[in-house]
Structure formats: C-alpha cells, structure tokens
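**Q** build the 3D model from these lines:
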Amino acid sequence: MSSLNDDTEMRVTGNTRYSVNFRERGWLVVVGVVFSVVLNVALVTTVAVISHDKSSHKHTSCDSPACVETAAAVAGSLNKTHPACSDFYEYSCGGYKLHHNLEDGAWTYTVWTELSETHSKRLRMSVEAADKTQKYGKEVATLFASCMDLVALNASNSKPLLDLINKGDGLQFPALVGSAWDRTKFDLSLWIKTLHQMEVNTLFTLTKGPNPIKPSDVALKIFPSGLNMYSWDYTSDASWAAKRREDYKNRMVGYIKNLGVNSNETAIRIDVEDAFQFEIKLAGITPDWRNDIYTPKMLRLRKLYRDYLPVTKVNWKDYITSMYPEKFAPNEYEPIFIEESSYFQNLSKLIAHTQDRTLANYMAMSLLYNLADHLPEHISGQITAHKRWDWDASPLYFKCAEVTEKLMPWAASRAMLDRGLISDKTAAKKIFENIKTELVGAVDSVSQTYGFSADFTKQLKDRVTHLKEKIGYPDWILNQTLVNQYYSRMKSSLDPKQYLKNVMQMSKFRRTALLMSYEENMNGGEGWDTYLGDNTASYYLHGNDIYIPLYYLFAPVYSHDMPDSFNYGGMGAWVGYYMVYALEDDWRTYIDDKGNILPLNISEADGKAYTAAKGCNDYISNATYLPPGEETPISVKVSMNSGVQYQHNDIIATRASYKAFRKNMKGSQAAPGLPSGTDRVFYLAVGQFYCSAKYDHHSYYHKLLNAIAASSPEFTQAFGCQPDDPLYNSGKTVCSL
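**A** Next comes the predicted model:
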C-alpha cells in the first residue's frame, strides 16, 4: 500500500454493502427483471440516436492533479493482457492485487478497505490541524487528541463511568455492587433517560423525522431499537452463534470484575446470565426488521404521557422533555408516531413481570457494552479497538478517527472541508436525480408493456419519485458560522486529558443536538448525520431516504474533476443500486404523494410479468466467463439462496445509470491513461467497485461484474466483443439479462 502524506491528493473510496439482505424476492425480482428488459430496449434506442463519441464530443483529457491521479489509480487496477470480453473482472481488477500486498493476518484487501483506510487518514489530517480559532475546530481537535493520549486514558481510570453507576442512587449497578444494591432506589425511567441521552438506545429509540402525514413538517417518532447483546444472531451456524454469546458474557463478567468494586466472580456471572436471559425474552417480542412492517400509530404527547405511564414504569413526560434544552421542550399537543405499537404493549408486560435487579443489570450492561472500547486497558482486559490497526506506525489513528467522526460528525466534516479534502458533490446530486428519472420512466414502460394496473403503476413510481438523497454531508455545514453556533451549545469545553469523560459528554450533546437540528430547520429541516455507523450506503423506508457515506465522494467512486463517464459508472451505479433496492426493500409497503406509508396491493393480473421474465433468468444462468488459467468457462450463476435473481439490482442500476449518462453527459469524457472510448471509461468505473487483492475466479463479485457485462450490448460494442467471446451480447436476445 502506498504511503500518503499531508500534501498528497489521496485516492479515497467507501465500505462494503453488507446492510443489504440476501433473501428471496419473489415477484419483485421479476418486476426488476422486467425493468431490465425495458432499460435494455431503451438503451439500444438511445445508443442508436446518440452518435458515437468522436462525433458528439471533443475528447480532450482532463488534466487536473486529482483527475490525473485518479485515472492513474484506475489504470493501475487493470490487467490489459486478459481480454475484457472473456472475463471483465480480471480485466478490471487483475492489476489491483499486484499493487496491494496483503499484510500479515489480513484475509483480503479491497477497494472498500482502501476507502475506509484513506478516509480515516484524511480525517486524521483534518482534525489534527483543525482551525482552533473556530469553536468546532478547537473541540474536534481536543477530542481526537484525548483519544490518542493512552497515558492519560489509563491514568484517568474509569472514574467518569463509576461516578455514574456507583453513586447509590437510582442508577446503581447491581452486578457491580453485589449485595449492597438498594432495590428501593431503582428508577427505570432514570436509567432509560440517562442511556438514551448518551445514544445507548435500549428498549426503544426516540428520533425526529419527516411527519408521515405531512412530510413538509417534522415529528417525533418512537420505535423498537436493536438488541444490545448477542442473544440474537442471523447466522445459520448454531455452534458459532453460541460461541459468540458465551464470549460476550465472559467479556462482560471481565469488565465488571476489573472495575474493582466487586471481586465475587460467581455472583457477577449470575447477574450477567440473568440480564442475558431478559434480552432473550426481549428478542422474542422485537419485530424482525428484515421481514416485518412497522405500522405507525399517531398519538398526542399528552395521551402518551397518560396512557403509557402506568404500565411501563416509564415517566414519558420526563423522558421526552429531558432530551431537549428546556426552552425547546415539545408541548403536550404535539404528535408522536409510535411505530409497531404492539411491541410497546408487549414490552410493558415483559417489564411488569421482570425483577428490578434484572432490569437494572440489563440497563447497566447495555451502557458498559457501548463504552467498552473507550475504557482503560486494565478494565477491558483485552486487546481493544485501540489496537486493531497500525497505520502510519500508530495503533490509535483508525479508532480515534472513527470515534471523532461519530461523536462530532459535523465538526469533522467541516474540518475536512476547510482543508479541501471533500469533493464538491454538485455533480453527484445531479446524477441522483437523473437516474431517478430513468427508473421512473422504466416503471411507465413496464406498465405499458405488461399491462399493470394504474394503481400498481403509481405505487411503484411513488417509491422512486419521492426518494431523497442524503449524500456525504448536509449542505448547511458549508456555512462556517452555523457550525460554530451548533457547537457553541456545549455546556463545557472538552478536556484533553479526560477521554472517557469527553466520550460521555459528546454522546449526550450529539443526541440532543441532532433533535435540535430539526427544530432549527438546518438543511431544510433535515437533521441527518454524516456518520453512518458502519459507513455503508443505506436505504431507509421511514423517510424514503438514501444515505450515501462521506467517502463515497472520492475516487474510484466519484471525483468532481473526472468526466461524466467515470462518475456515472462509479457513483451513479452505486446510487442506482440503492434506488433499485428501495423498490424492493420492505416491498409490502410504499410511500404515497403525502409521504404516507401504505400497503402495496398486487392483483393477480399485475403479477403476470413473472411468465414474461422467465427468459431473463435462463439467459443469466447460461452466461459464462473465462478467467486466466481456466480451461472451462464458468457460469455467472451464484450459489446463494437468492441465486442469480439477486444480481438484478446491480444490473438494473448499472443500466439505468448508463442511460442517464448517455442522455446527460457534457464535455470531455476521456481520462489520461485509461482506454479510449466513453463507454469503456463508464464500465471500468463500475468495475472498480469489486476489486480485491485476493480473490478466486468463482467469487460472488467476480460473477456479478461479469453478469453486468454479459447483460449489456453496450459493453459488447465498447470493448469490441465477438460472437465467440463468453461475454458477447448481440442485443437481439428477447431479454438480454
């Protein structure tokens, strides 16, 4: 891996897409297949109408330093000795592994790893050198510095945490104090309020977002939160799941014992197991976000305060008002939307039949689990996240950059903007809108071709038409004054010698500030965050939003200096993927013109696309590619449960992005060092997503990229594929997918 310094214009990218679920899609996959048919027909027409590159544009290469370096990085990933029409993955990524040697113990190194790593380096450079004359610059630099100071971290012990959970009041931790725990002082409302203020969303989550009834307004929302322990697991490997659960319990016992208050390990283990069993019961009533639909129920706050208080032991009024500064507390007539109200009814019953000691242990363990990575080493008793990475001879850089971005996302983003390390996202926003237009058009074409009902057509179009982009960062942070005002609300400045205290303080401030951002209509009332947890792009039904992480604004995903051919192939194909995913995810609902989440009704007649699309499945199943060293062509068909059908999201997205690109491209489409031809640059940008320093010719992404190539007659034209080439597409196939 190449070393980077402060003055180097870095090649930055993003992370993997594992937020997407691999599951059977039923008729929706078929609808997706039909979309691909329509896109294919439209694309053939588009290419026929638009004259070839040489007559449409003057292809002078871009010459800015960013463009030259980006193009050189992409060119370095290629293996031009292998025919693109035989194995496009090998052609696109065969050189990548030659330039990226795996470190000891690393199982792979991908473009996404590179994105994450380089983003952290850029972030570090920015926060270390942040403008300390600005409020946001001073505080973000202090947080990062306190994280980097291991000596101070270990010297501070765990006093800030112990001061919170061992004072003898309603927040006392039973497993920590043993028999000294005072049941009469237990206060579940105080626990929930304290944890939620620090963004530990135990039992449920409170947020604010678009009002489902009037989307131009915002409203409070409350919904089931994820679980905090390993009582659940999505893996089918039961033995591995059991091991994870035992590892969690053993770590928790170690944390509590090492805090130095209670040395009775047997008693601690009993308390830990008891809390763990409570979460197993909680898991039994928690909706499955992968399969269940949340049904919002609107209440006025006064009704929530009155009706829910007696049964859940939660003082709802005190809880909600505590999340705001006093003068901004909502009045009792404001609406709040309860998503999956049956969950809260079941939660009330579960709490009523659970001992207070169990509840107190569960709440305290949830907090301890979330703070574990920030504790001194003698408390965590293991190699913590502080030592997972060793970039630039420091084990702290990655973790501290991650923590800083999570707790102070807008200050961190602003610091990067100050140094010019974030690309202009104007072109990315236009790409989003142009691809959305193509997908809406595809819905209309499908409706006309296959006779969908008017209602069904409108439902599908609504899913796309009302999609909102949240790319990289909210526009309001471009205003330095607003960013300073935002952080001026901090009650006290951070302490460079008190890392754990800083984490706890900023967690609380961040939660309140995110709610406040809606009240002040920052970015048009969109109080969204620049930190996405695992830094993957995501689609969220309950706002109809597509979140695109900050570092998707860098090559090889996107570069403001690169031509449209590159940006539509990179950013466009990726954004398009999540738009198509939005059509499928939580497919039993859709969002109408008013933003209401409504059931998606499918008549028997609307399902007839299934029969018409069978040829598409057959075509993909029969497509092959021929990697170097292989004598027999390999099928693009994948072996996972969803099989070939799951590839349709990427294929449809790529073709929609291509069509939008051909309609909207402007200026030069060439880049130095890359193969000539507009379409070649487009497909090479698509291919960069999947590059890895270690792969076998049968991997999923190897098959996927070749399936994208095999599905496109434009790829055949761009690379001059011949009829006897594995990836050749004549364009005459009824369904070329």
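
**Q** please make it C-alpha for all contacts and neighbour counts, starting now.
**A** OK.

**Q** gap between residue 723 and residue 717?
**A** 11 Å (CA to CA, to the nearest Å).

**Q** straight-line length of stretch 563-582, end to end?
**A** So stretch 563-582: terminal residues 27 Å apart, CA to CA.

**Q** chain center to that stretch: distance?
**A** 16 Å (CA atoms, centre = their mean, to the nearest Å).

**Q** pLDDT on it, on average?
**A** What stretch 563-582 shows for mean pLDDT is 87.

**Q** before we move on, back to that, what about residue 723 and residue 717, which has more around it?
**A** residue 717 (16 against 11; other CA atoms under 10 Å).

**Q** separation between that one and residue 724?
**A** Taken as CA to CA, the span from residue 717 to residue 724 is 14 Å.

**Q** same deal with residue 571?
**A** 32 Å.

**Q** so between those two, which is more surrounded?
**A** residue 571 (29 against 9).

**Q** confidence score at the residue lying closest to residue 577 once chain neighbours are set aside?
**A** Among residues not flanking residue 577 along the chain, residue 653 sits closest, at 4.8 Å (CA to CA, 6 or more residues apart in numbering). pLDDT recorded at residue 653 is 85.

**Q** tell me, how many residues neighbour residue 653?
**A** Residue 653, neighbours per other CA under 10 Å, totals 28.

**Q** residue numbering should commence at 552 henceforth.
**A** Sounds good: first residue 552 from here, last item residue 1204.

**Q** what are the buried residues along the helix or strand hosting it?
**A** Residue 1204 is part of helix 1199-1215 when elements are defined by DSSP states H and E. Neighbour-count burial for helix 1199-1215, counted by 16 or more other CA atoms under 10 Å, picks out 1199-1213.

**Q** closest one to residue 1025 out of those residues, please.
**A** residue 1208 (23.8 Å; CA to CA).

**Q** list the contacts of the closest one.
**A** 986, 989, 1119-1120, 1123-1124, 1127 (CA atoms under 8 Å, 6 or more residues apart in numbering).

**Q** recalculate using a threshold of 7 Å.
**A** By CA atoms under 7 Å, 6 or more residues apart in numbering, the contact set of residue 1208 is 986, 1119-1120, 1123-1124, 1127.

**Q** between those, which sits nearest residue 909?
**A** residue 1127 (46.6 Å).

**Q** could you pull out the helices for the stretch 552-701 of the chain?
**A** 578-600, 604-607, 616-628, 639-644, 647-650, 662-679, 686-699, 701-706 (DSSP state H, counting those that start in this stretch).

**Q** picking up where we left off before, closest to residue 914 among the contacts of residue 1208?
**A** residue 1127 (40.5 Å).

**Q** returning to that earlier point: adding neighbour count and distance to residue 816, write the contacts of residue 1208 out as CSV.
**A** Listed next are these as CSV, based on neighbours: other CA atoms under 10 Å; distance: CA to CA, whole Å:
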residue, neighbour count, distance to residue 816
986, 27, 59
1119, 36, 58
1120, 29, 57
1123, 33, 55
1124, 30, 54
1127, 28, 53
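
**Q** just these: which are in helices?
**A** 986, 1124, 1127 (DSSP state H).

**Q** roughly how far apart are the closest residue to the last one other than its chain neighbours and residue 1231?
**A** Spatial nearest neighbour of residue 1127, excluding adjacent residues (CA to CA, 6+ apart): residue 1204 at 4.5 Å. Between residue 1204 and residue 1231 the distance, using CA to CA, works out to 17 Å.

**Q** try residue 1110
**A** From residue 1110 to residue 1231 the distance is 17 Å (CA to CA).

**Q** who has more neighbours, the two?
**A** Neighbour count, other CA under 10 Å: between residue 1110 and residue 1231, residue 1110 has more, with 27 against 21.

**Q** sec struct for the more buried one, please.
**A** Under DSSP: H, G, I helix; E, B strand; the rest coil, the three-state class of residue 1110 is coil.

**Q** residues contacting it?
**A** 974, 1104, 1118.

**Q** can you put those in a markdown table and add neighbour count and distance to residue 826?
**A** Formatted as a markdown table, these follow (neighbours: other CA under 10 Å; distance: CA to CA, whole Å):
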| residue | neighbour count | distance to residue 826 |
| --- | --- | --- |
| 974 | 21 | 47 |
| 1104 | 25 | 43 |
| 1118 | 28 | 50 |
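
**Q** from those residues, which single one is nearest residue 1008?
**A** For the contacts of residue 1110, the nearest to residue 1008 is residue 1118 (30.2 Å; CA to CA).

**Q** what about the nearest residue to that closest one once chain neighbours are set aside, how many residues nearby?
**A** Leaving out its chain neighbours, the residue that sits closest to residue 1118 by CA to CA, 6+ apart is residue 1109, at 5.2 Å. By the measure other CA under 10 Å, the count of residues near residue 1109 is 29.

**Q** tell me the angle of the helix or strand harbouring residue 994 relative to helix 1199-1215?
**A** Residue 994 is located in helix 977-1001, with elements delineated by DSSP H and E. Per axes from the mean of the first three to the mean of the last three CA atoms, to 10 degrees, the angle that helix 977-1001 makes with helix 1199-1215 is 110 degrees.

**Q** beyond helix 977-1001, next helix or strand please.
**A** Helix 977-1001 is succeeded, C-terminally, by helix 1005-1016 (DSSP H and E).

**Q** angle of that following helix against helix 977-1001?
**A** Using the same axes, to 10 degrees, helix 1005-1016 lies at 170 degrees relative to helix 977-1001.

**Q** and helix 1005-1016, what does it pack against?
**A** Judged by 3 or more CA pairs under 7 Å, 6 or more residues apart in numbering; DSSP states H and E, the packing partners of helix 1005-1016 are helix 977-1001, helix 1124-1135, strand 1140-1142.

**Q** and it, which residues are buried?
**A** Buried, per 16+ other CA under 10 Å, within helix 1005-1016: 1007-1016.
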